[in-house]
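Novice: Coordinates for the following, if possible.
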Amino acid sequence: MRQSNDLWGRARLEPAEILERLAGRGCYVVPHGGRGGKPSPAGTPADIAHALASSQHTIGKMVALAIVFQSSASFQSIIDQTYAEHLRALQHAPQYAKMLEGPRCARLRLVIQFVMNDLVWPKRAERNATRAKAMKMRKGDFGQIYRYVVSYLEAEAKNAASDARDFLYGD
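Specialist: Numbering: from 1, shown residues only. Model prediction:
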C-alpha cells in the first residue's frame, strides 16, 4: 500500500485505481497475482467506462474518461463544450474582458488544451511562464485563467468519478 499523497505515483496506473483517487475516497490496493491486495470489484476497464458513462455530469464524465484511460480522443469535444461557458464567465469579469476579446478569445481554447494535457499527462507539464510567453500573455493573467479552468475541470471530473464509484460499489 502506498503512503504517498501523489495522485499519479506511477507512470501507468490501473483504471480502477485512478477512479478511486479521482473520487477521493479510500485507498485502492493493487492486486498482486492472488497474494496481498484486494481485487477491484470494478473488474475490467469496460466496467469503469460504463460506470463513468452513467454519470449525469456531461463534461465531468468526458474529463474523467480522458484521465482514467489517459487518452486525448475526447479533448476537442471537451474544449468545445467548456469554451462557451468559460468565455461567458470570464468576459463578465472586468480583469479578463480585454484579455479575451475579439481574436484573443482563442487563448482560452489553448488554456483549456493545456489544462487537459496536464490533467491527463501530468509528468509532461511545462512551466506556465513558457506557455504564457508563447501565447503572448502576462504570466499572472495566464496563471489566473489556468487556475480557474483547472479548478472547474477537476471539480467536474471528481463529481463524475464519485458518481461512477457509487455506481460500481453501491456506496
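
Novice: helices and strands around the helix or strand hosting residue 161, which ones?
Specialist: Element membership for residue 161 (DSSP states H and E) is helix 139-169. Contacting helix 139-169 under the criterion 3 or more CB pairs under 8 Å, 6 or more residues apart in numbering; DSSP states H and E are the following elements: helix 15-23, helix 45-53, helix 58-69, helix 75-91, helix 94-97, helix 106-120, helix 128-134. For every residue, glycine as well, the C-beta is placed using N, CA and C.

Novice: let's see it at 6 Å
Specialist: helix 15-23, helix 45-53, helix 58-69, helix 106-120, helix 128-134 (3 or more CB pairs under 6 Å, 6 or more residues apart in numbering; DSSP states H and E).

Novice: Any chance of these in JSON lines with distance to residue 82, mean neighbour count and mean pLDDT as columns?
Specialist: Listed next are those as JSON lines, based on distance: least, CB to CB, whole Å; neighbours: other CB atoms under 10 Å; pLDDT from 0 to 100:
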{"stretch": "helix 15-23", "distance to residue 82": "18", "mean neighbour count": "22", "mean pLDDT": "67"}
{"stretch": "helix 45-53", "distance to residue 82": "17", "mean neighbour count": "18", "mean pLDDT": "78"}
{"stretch": "helix 58-69", "distance to residue 82": "6", "mean neighbour count": "23", "mean pLDDT": "82"}
{"stretch": "helix 106-120", "distance to residue 82": "6", "mean neighbour count": "19", "mean pLDDT": "86"}
{"stretch": "helix 128-134", "distance to residue 82": "18", "mean neighbour count": "15", "mean pLDDT": "89"}
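
Novice: Break the protein into its domains for me.
Specialist: Annotated domains of the chain cover 15-71+158-169, 75-156 [automatic domain parsing].

Novice: rewinding a little: which one of the helices and strands packed on helix 139-169 lies closest to residue 170?
Specialist: Among the helices and strands packed on helix 139-169, the nearest to residue 170 by CB to CB is helix 45-53 (11.1 Å).

Novice: helices or strands next to the closest one in the packing?
Specialist: Against helix 45-53 (3+ CB pairs under 6 Å, 6+ apart) you get helix 15-23, helix 58-69, helix 139-169.

Novice: Now do that helix against helix 58-69, angle only.
Specialist: Here helix 45-53 runs at an angle of 160 degrees relative to helix 58-69 (axes from the mean of the first three to the mean of the last three CA atoms, to 10 degrees).

Novice: tell me the angle of helix 45-53 relative to helix 139-169?
Specialist: Put simply, helix 45-53 runs at 110 degrees to helix 139-169, going by the same axes, to 10 degrees.
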